[in-house]
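# Sharing a model that was predicted from the sequence below.
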Amino acid sequence: MSILVDETKRVMVQGITGREGMARTKLMLGYGTQVVAGCTPGKGGQEVLGVPVFDTVEEALEVVGGIDISVIFVPGPLVKNAAIEAMYAGVKLCVLVPDRVPVHDVLDVVEVAGRVGARFVGPNTLGVLSPGKAVLGMMGGRAESAKKWFKQGPVGVTSRSGGITSSIAYYLNRAGVGQTTICHVGGDPVIGMAHPEVVLEFEKDPDTKLVVMFGEIGTSQEETVADLIEQKRFTKPLVAYIGGRAAKKGTRFSHAGAIVEGNRGSYEGKVARLKAAGAHVVENFQDIPDVTKKILQKTGGR
């Protein structure tokens, strides 16, 4: 199985007529994603790569039927309205790809999502990919590359860095270890589905035998994952790497969401919490494949 997306999910692309929307729709279609509709106000009646375009999400739903997921490729200041429109129309999962989405806008999306029972990944995310099934967003760049780099297997991947997300999957595959789903949660300080929500999804997936998590300084996502382990809400082996070991307090590392405030979100604090909870924390990024493979062999996960 997989989490969040597979070949059965019906997907809409908001902003499909823009340059990024077109390019990433080509990737998603080429990989096997079931893209059934696009939405760009004022561009209704057109087609992009054979996908019908509508002026509104509601109109798309009326014509093509149910839509499970919306992938959003619009400028940052327009993301809030696009996401809220999709959620109010009944779409239960949105992927907010753009960066530079105002924080207060994301908070509004969080509020609406909670009210209508929807979820979202991002903003500032490469998206989600379930090897051999479907991709949401821009992970892999081109369909041919994505098919080559990402292979099916027993490992779930959740990461706060876009580039590292793809790198983890690449090096795992070189070691002969495939993935169920790869999720880039996004690098902003306020996001939708963070590490804790993603690992709980992996907990429910019978095909995911182990999870690899790339964490960073800043926020309390990784500490919350440690809480889930201690509460036995997440019971599968976790291999974790935390980026930002050399960063000083008050220094931004890589992303807007990776900044240490006092002792909160520090490298030392995250590592200590995860180790105390029983996670397998690696100090060197290149050790992830070997450690993952050994744990799978020991636990009979492959």
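Cool, got the structure. Residues are numbered from 1 along each chain as shown.

# pretty sure F202 is in contact with T180, am I right?
Yes: here F202 reaches T180: they are 7.4 Å apart, a contact under CB atoms under 8 Å. For the C-beta atoms, the positions are set from N, CA and C on the backbone; glycine is no exception.

# Which neighbours do those two have in common?
Common neighbours of F202 and T180 (criterion: CB atoms under 8 Å, 6 or more residues apart in numbering): I3, G156, T208.

# So what pairs up with the second one in the strands?
For G156, the beta-bridge partners are V211 (DSSP bridges).

# and the gap between it and P196?
Going from G156 to P196 by CB to CB, to the nearest Å gives 13 Å.

# which parts of the lowest-mean-pLDDT helix or strand in the chain are buried?
Ranked by mean pLDDT, DSSP states H and E, the weakest helix or strand in the chain is helix 143-149, scoring a mean of 91. Neighbour counts over helix 143-149 (16 or more other CB atoms under 10 Å) mark A143, A146, K147, W149 as buried.

# One more: stretch 108-125?
Neighbour-count burial for stretch 108-125 [16+ other CB under 10 Å]: V109, V112, A113, A118, R119, F120, V121, G122, P123, N124, T125.

# And for the spatially most distant residue from the centre of the chain, nearest residue in space, chain neighbours not counted?
Largest separation from the mean C-alpha position in the chain: G45, at 31.0 Å (CA atoms, centre = their mean). In space, G45 comes closest to V53 once its chain neighbours are excluded; the distance is 7.0 Å by CB to CB, 6 or more residues apart in numbering.

# all helices for the stretch 151-300 of the chain, in order.
Counting by DSSP state H, counting those that start in this stretch, the stretch 151-300 of the chain has helices at residues 162-174, 195-204, 221-230, 267-277, 288-299.

# Turn those into a markdown table, including mean pLDDT, mean neighbour count and distance to P189.
Shown next, in a markdown table, are the helices of the stretch 151-300 of the chain (pLDDT from 0 to 100; neighbours: other CB atoms under 10 Å; distance: least, CB to CB, whole Å):
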| stretch | mean pLDDT | mean neighbour count | distance to P189 |
| --- | --- | --- | --- |
| helix 162-174 | 94 | 19 | 16 |
| helix 195-204 | 98 | 20 | 14 |
| helix 221-230 | 97 | 21 | 11 |
| helix 267-277 | 96 | 18 | 16 |
| helix 288-299 | 96 | 17 | 25 |
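
# among those, which is nearest Y88?
helix 195-204 (21.5 Å; CB to CB).

# Show me how the record splits this protein into domains.
10-121, 151-299 (automatic domain parsing).

# Which parts of the strand or helix carrying E62 count as buried, going by neighbours?
Per DSSP states H and E: E62 is located in helix 57-64. By 16+ other CB under 10 Å, the buried positions in helix 57-64 come out as V57, A60, L61.

# So which of the residues you listed is the closest to N284?
The shortest approach to N284 among these belongs to V57, at 45.4 Å (CB to CB).

# wait, that closest one sits on G38?
No: counting by CB under 8 Å, V57 sits too far from G38 to count as a contact (10.4 Å).

# related to what we said a few turns ago, what about the least confident helix or strand of the chain, distance to the chain center?
In terms of CA atoms, centre = their mean, to the nearest Å, the centre of helix 143-149 is found 18 Å from the chain centre.

# do the same with stretch 236-245
16 Å.

# Going by neighbour count, which residues in it are buried?
Of all the residues in stretch 236-245, those buried under the rule 16+ other CB under 10 Å are K236, P237, L238, V239, A240, Y241, I242, G243, G244.
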